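*Asks:* coordinates for the following, if possible.
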Amino acid sequence: MIGHMYRERLVLGHGIILEIVFSGEARWQLSLKKGGKLLVEYASGIPYDFKSVEQLRYDFERDVENAQRQGR
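*Replies:* Model prediction:
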């Protein structure tokens, strides 16, 4: 049986791409790339203190804002 999958890819301009992937069996990934370079990534399998989807989103958005401020 193939698990359900959700994928969203947003092109934000200036070569910035935000990608969100949720697939079956509790696998997920949120990433921010600029010009093909990975700036921020949160994913299952990478240590993260997962408390809730809301906290995950807050933490990811905070790190995205920090990466953009630093001009990466």
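*Asks:* what's near enough to touch the residue nearest the centre of the chain?
*Replies:* Taking Cα atoms, centre = their mean, the centroid of the chain lies closest to Leu30, which sits 1.6 Å from it. Neighbouring residues of Leu30 by Cβ atoms under 8 Å, 6 or more residues apart in numbering: Leu18, Glu19, Ile20, Val21, Val40, Glu41, Tyr42, Ala43, Leu56, Phe60. Using the backbone N, CA and C atoms, a C-beta is placed for each residue, glycine as well.
*Asks:* likewise Ile16?
*Replies:* Leu32, Lys33, Lys34, Gln68.
*Asks:* just among those residues, which is most surrounded?
*Replies:* When neighbours are taken as other Cβ atoms under 10 Å, the top entry among the contacts of Ile16 is Leu32 (23 neighbours).
*Asks:* nearest spatial neighbour of that one, chain-adjacent residues omitted?
*Replies:* Residue nearest to Leu32 in three dimensions, not counting chain neighbours: Val40, with 4.3 Å by Cβ to Cβ, 6 or more residues apart in numbering.
*Asks:* element containing that neighbour?
*Replies:* Element membership of Val40, judged by DSSP states H and E, is strand 37-43.
*Asks:* and that strand, average pLDDT?
*Replies:* Average pLDDT, strand 37-43: 94.
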